[in-house]
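[1] Starting from these lines, generate the structure:
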Amino acid sequence: MINNQKDLKKERLSHALRENLKKRKEFLKKIKERKA
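    I've put the predicted structure just below:
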């Protein structure tokens with residue numbers, strides 16, 4: 001039970017990190033387009 005909860009937290013964290021990376025990539029793309 002405890003182990004399962006840990007895995008759930010890890011899964012949520014990795015999902016959040018992936019979302020963060022996606023947002024950052026889109027943000028950087030916008031900046032590049034603005035500079036160009």
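[2] all helices for the protein, in order.
    2-35 (DSSP state H).
[3] So, low pLDDT: which residues of it?
    Across the chain, the ranges flagged by pLDDT under 70 are 1-2.
[4] go with 50
    Applying pLDDT under 50 to the chain picks out no residues at all.
[5] Dump stretch 6-23 to CSV, keeping only the CA atoms.
    Taking C-alpha atoms only, stretch 6-23 is exported to CSV below (Å, rounded to 0.1, in the frame of the first residue of the first chain):
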residue,chain,number,x,y,z
LYS,A,6,5.1,6.3,-3.5
ASP,A,7,4.8,5.2,-7.2
LEU,A,8,1.7,7.3,-7.6
LYS,A,9,3.5,10.4,-6.3
LYS,A,10,6.5,9.6,-8.6
GLU,A,11,4.1,9.3,-11.6
ARG,A,12,2.5,12.6,-10.7
LEU,A,13,5.8,14.3,-10.4
SER,A,14,7.2,13.0,-13.7
HIS,A,15,4.0,14.0,-15.4
ALA,A,16,4.3,17.5,-14.0
LEU,A,17,7.9,17.7,-15.1
ARG,A,18,7.0,16.7,-18.6
GLU,A,19,4.2,19.3,-18.7
ASN,A,20,6.8,21.8,-17.5
LEU,A,21,9.2,20.9,-20.2
LYS,A,22,6.5,21.2,-22.9
LYS,A,23,5.6,24.7,-21.7
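[6] Identify the residues contacting that stretch?
    Stretch 6-23 is contacted from outside by no residue at all, using CB atoms under 8 Å, 6 or more residues apart in numbering. C-beta coordinates here come from the backbone N, C-alpha and C atoms, glycine included.
[7] Kindly provide the distance from residue 8 to residue 14.
    11 Å (CB to CB, to the nearest Å).
[8] actually residue 35, not the one I typed
    32 Å.
[9] Pick out whichever of those two has more residues nearby.
    Neighbour count, other CB atoms under 10 Å: between residue 35 and residue 14, residue 14 has more, with 10 against 6.
[10] That one and residue 7, how far apart?
    With distances taken as CB to CB, residue 14 is found 11 Å from residue 7.
[11] What of residue 16?
    Residue 16 sits at a distance of 15 Å from residue 7 (criterion: CB to CB).
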